[in-house]
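> How does the following fold in three dimensions:
(one chain, ligands or ions: 1)
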Amino acid sequence: MTQQTQVSQIVSDDRSTSFRCRDHRLDVQEKTWIVGVLNITPDSFSDGGRFLDPGAAGDQAMRMVEEGADILEFGGESTRPGAVPVPADEELRRILPVLRELRPKLVIPVAVDTYKPEVARAVLEEGADIINDVYGVRGEGRLAAVVAEKRAGLVIMHMKGTPQDMQIEPRYDDVVSEVSAFLADRVALAERMGVDPQSIIVDPGLGFGKRSRDNLALLRHLEEFHRLGKPIMVGPSRKSLVGDVLNLPVEQRQHGTAACIAAAVWQGAAFVRVHEVRPCAHLVRMLDAIRRA
Ligand code: HH2
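Numbering: from 1, shown residues only. As a prediction, this is how the structure comes out:
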């Protein structure tokens, strides 16, 4: 039996039509949803240090909304290769002032990129709607229990290892099958912990414990992930998979990022996670129009 056949037995082929998070219900067939990323960190690989000041973070957040972000995501800990974990209280010290300032002004859903249950609980109590867990609810799923209790949305992302060791010789026999099997297992755990099946997004985790060829294979075969029966998110923005192909530094990867997003949208990704909203919004609206024609 090939690995591909094994994956299709683990999961069903059932494209979801809507995604729920707290009071929001997003139609994921209607259009591709743009997630604007704002890292309130000193060390994120692409915007680290730019938005540590809550005023600068607020201005950038409102700019992203004007430019067409459908969801805003805040992060208080970098997960770039080699990044050092920060304690929960430091993560909250970075995120909470921005969340408290902006939440009342925003009608769109707000996501927070965290894998710590205590951070998730605090930000959900301050009005966040979605928790984006780059560790894919590892361990006993305590984070999923918090998400379930608050009726929030959950992004389950695949990562091999941890940010400290993930890029030390990652290897796969069949990256699409292995990532799918991990996500299927974590989705099952999240649902056992009580997360609404319609509140889960899956993400193959581009750049998280993968070689360039693995990232490209995941993007090329993204359609396979529809078998998980959940909306798909991708985050290629400015990552080394673009830099490796084009041999360009982070600040010159916008067109390469756009190509990755086009490939993902064409295969039915429901959410795209980006740092530069305006060019992505034009690209996605155009692609959505062509797909519906
Ligand atoms: N990528 C990053 C962080 N979180 N979450 C999901 N679901 N998918 C991704 O691809 C993803 C993610 C890394 O990008 P960024 O947040 O800009 O950098 P850093 O981790 O250095 O803050």
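> Skipping its backbone neighbours, what lies nearest residue 191 in space?
With C-beta to C-beta, 6 or more residues apart in numbering as the criterion, residue 191 has its nearest non-adjacent residue at 5.6 Å, and that residue is residue 197. Backbone N, C-alpha and C define where each C-beta goes, glycine included.
> list the contacts for residue 50?
The contact partners of residue 50, by C-beta atoms under 8 Å, 6 or more residues apart in numbering, come to 56, 60.
> Quick check: it vs residue 163, distance?
Distance, residue 50 to residue 163, using C-beta to C-beta, to the nearest Å: 20 Å.
> do residue 231 as well
Counting by C-beta to C-beta, the gap between residue 231 and residue 163 amounts to 25 Å.
> Those two: who's more crowded?
Taking other C-beta atoms under 10 Å, residue 231 and residue 163 do not tie; residue 231 has more neighbours (27 against 20).
> Settle this for me: the more buried one is touching residue 21, isn't it.
No - Residue 231 is not in contact with residue 21 according to C-beta atoms under 8 Å; the separation is 11.3 Å.
> Helix or strand: which one has residue 72?
Taking DSSP states H and E as the definition, residue 72 sits inside strand 71-75.
> That strand vs the ligand: in contact?
Yes - against the ligand, strand 71-75 shows contacts by C-beta under 6 Å from any ligand atom at residue 75.
> so what strands line up beside that strand?
Strand 71-75 has the following strand partners under DSSP bridges: strand 33-39 (parallel), strand 110-113 (parallel).
> need these in TSV with mean pLDDT, mean neighbour count and distance to the ligand, can you?
Formatted as TSV, the entries for these read as follows, by pLDDT from 0 to 100; neighbours: other C-beta atoms under 10 Å; distance: least, C-beta to the nearest ligand atom, whole Å:
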stretch	mean pLDDT	mean neighbour count	distance to the ligand
strand 33-39	96	26	4
strand 110-113	98	26	5
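> so which of these comes closest to residue 176?
Of all those, it is strand 33-39 that lies closest to residue 176, at 22.8 Å by C-beta to C-beta.
> a markdown table for the strands paired with strand 71-75, including distance to residue 98?
A markdown table is the format used below for these (distance: least, C-beta to C-beta, whole Å):
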| stretch | distance to residue 98 |
| --- | --- |
| strand 33-39 | 8 |
| strand 110-113 | 10 |
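> so which of those strands gets nearest residue 25?
Closest of the strands paired with strand 71-75 to residue 25 is strand 33-39, at 12.2 Å (criterion: C-beta to C-beta).
> Can you give the contact residues for that closest one?
Where contact means C-beta under 8 Å, 6+ apart, the residues beyond strand 33-39 that reach it are 26, 46-48, 51, 57, 60-61, 64-65, 67-75, 78, 98, 111, 113, 233, 235, 237, 270-275, 277, 280-281, 284.
> how far does the one helix or strand residue 20 maps to sit from the chain's center?
Per DSSP H and E, residue 20 falls inside strand 18-21. Remark: strand 18-21 is offset 15 Å from the chain centroid, using C-alpha atoms, centre = their mean, to the nearest Å.
> same question, stretch 149-156
Per C-alpha atoms, centre = their mean, the centroid offset for stretch 149-156 relative to its chain is 13 Å.
> First-to-last residue distance for it?
The distance separating the two terminal residues of stretch 149-156, taken as C-alpha to C-alpha, to the nearest Å, comes to 17 Å.
> same thing with stretch 197-212?
Length of stretch 197-212, first residue to last, C-alpha to C-alpha: 32 Å.
> can you check stretch 109-127 too?
9 Å.
> For the protein, which segments are assigned as strands?
18-21, 24-27, 33-39, 71-75, 110-113, 130-133, 153-157, 200-203, 233-234, 271-274 (DSSP state E).
> So the residue of the chain found nearest the ligand versus residue 121, what's the distance?
Closest approach of the chain to the ligand (C-beta to the nearest ligand atom) occurs at residue 235, with a separation of 2.4 Å. To residue 121, residue 235 is 24 Å away according to C-beta to C-beta.
> Next, the buried residues of the longest helix seen in the chain.
Counting residues, the longest helix found in the chain (DSSP state H) is helix 175-192. By neighbour count, with 16 or more other C-beta atoms under 10 Å as the criterion, the buried positions of helix 175-192 are 175-184, 186-187, 189-191.
> tell me which of these is nearest to residue 117?
Top of the list for closeness to residue 117, among the buried residues of helix 175-192 and by C-beta to C-beta, is residue 190 at 12.9 Å.
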